[in-house]
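Visitor: I'll drop the sequence and a predicted model, then ask my questions.
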Amino acid sequence: MNPKRWPNLLTGTRIALAPAVLTAALAGSRPWFVALLAAALLTDALDGFLARRLNAHSEFGRKLDSAADYLTLVTGLSGIALLWPDIMRRELPWIATGLAAFFAVVVYGFIRLGRAPCYHTWAAKVGAVACAFSLIPLLAGHSAMPFHVAIVVQVIAGIEELAIVLLLPNHEGAVATLWHALRLRRARHSASSPSH
């Protein structure tokens, strides 16, 4: 198999794990739910690493990765709601805030660009990793503070992505930061301006 297909294969594995994650939650098995969700989250870290390492970036890969992220988010939250209902009720305002930041970008992207943006910004990546690791103390019943910090990072990432959508009139591939979007906008503006 062509190694450049490995990142998409890992992303596909994350999608394939979603029913198993949900089944474990419906069966009431916290250990299996945690193990399967951790495996899904690990593929999220590895597919991006491999894509960069193998120079295997593609628009299809970005779309597939975003779809897998949405599916993992929904199955993960559903499982937490089923297996840790008290934590879900207690943290609902924080969860709703994180979801609002996450989906505001998707909705506004469809309104402005006709599609969900797949920028994969640095802030969004940090937020995703922070959210994943913050679940450990949260679900273990220790501290919700890391989860709250992760949600704040997620909100900042959402605001940055909304600003990128505003700045760039057409869809772009990966845009690392708002600064990169500003540079891209200036470069496009300079290229389209008539020379004197």
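Guide: That came through fine.

Visitor: quick one: contacts of the host helix or strand of Ala24?
Guide: Here Ala24 sits within helix 6-26, counting by DSSP states H and E. Residues outside helix 6-26 that contact it (C-beta atoms under 8 Å, 6 or more residues apart in numbering) are 1, 32-33, 36-37, 39-40, 43-44, 46-48, 50-51, 54, 56, 58, 60-61, 64-65, 67-68, 71-72, 75-76, 78-79, 82-83. (Glycine included, C-beta is placed from N, CA and C.)

Visitor: what's the answer for stretch 37-53, then?
Guide: Contacts of stretch 37-53 (C-beta under 8 Å, 6+ apart): 6-8, 10-11, 13-14, 17-18, 21, 56-57, 61, 65, 68-69, 72, 75-76, 79, 120, 125, 128-129, 132.

Visitor: just to revisit the earlier point, what about the contacts of helix 6-26, which are in helices?
Guide: Judged by DSSP state H, the contacts of helix 6-26 include 32-33, 36-37, 39-40, 43-44, 46-48, 50-51, 60-61, 64-65, 67-68, 71-72, 75-76, 78-79, 82-83 as members of helices.

Visitor: just the buried members of those residues?
Guide: 32-33, 36-37, 40, 43-44, 46-48, 50-51, 61, 64-65, 68, 71-72, 75-76, 78-79, 82-83 (16 or more other C-beta atoms under 10 Å).

Visitor: for Ile164, which residues are in contact?
Guide: Counting by C-beta under 8 Å, 6+ apart, Ile164 has contacts 117, 119, 121, 175, 178, 181.

Visitor: same question, Met88
Guide: So Met88 contacts 80-81, 95 (C-beta under 8 Å, 6+ apart).

Visitor: got phi/psi on Pro169?
Guide: phi -70, psi -20 (degrees, to the nearest 10).

Visitor: let me have the contacts of Ile164 in JSON lines, extended by neighbour count, pLDDT and secondary structure.
Guide: Output for the contacts of Ile164, formatted as JSON lines (neighbours: other C-beta atoms under 10 Å; pLDDT from 0 to 100; DSSP: H, G, I helix; E, B strand; the rest coil):
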{"residue": "Pro117", "neighbour count": "24", "pLDDT": "87", "secondary structure": "coil"}
{"residue": "Tyr119", "neighbour count": "26", "pLDDT": "88", "secondary structure": "coil"}
{"residue": "Thr121", "neighbour count": "22", "pLDDT": "93", "secondary structure": "coil"}
{"residue": "Val175", "neighbour count": "24", "pLDDT": "93", "secondary structure": "coil"}
{"residue": "Leu178", "neighbour count": "17", "pLDDT": "96", "secondary structure": "helix"}
{"residue": "Ala181", "neighbour count": "22", "pLDDT": "94", "secondary structure": "helix"}
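
Visitor: determine the set of other helices and strands touching the lowest-mean-pLDDT helix or strand in the chain.
Guide: Lowest by mean pLDDT, DSSP states H and E among the helices and strands of the chain is helix 178-192, with a mean of 89. Applying 3 or more C-beta pairs under 8 Å, 6 or more residues apart in numbering; DSSP states H and E, one finds that helix 178-192 contacts helix 145-167.
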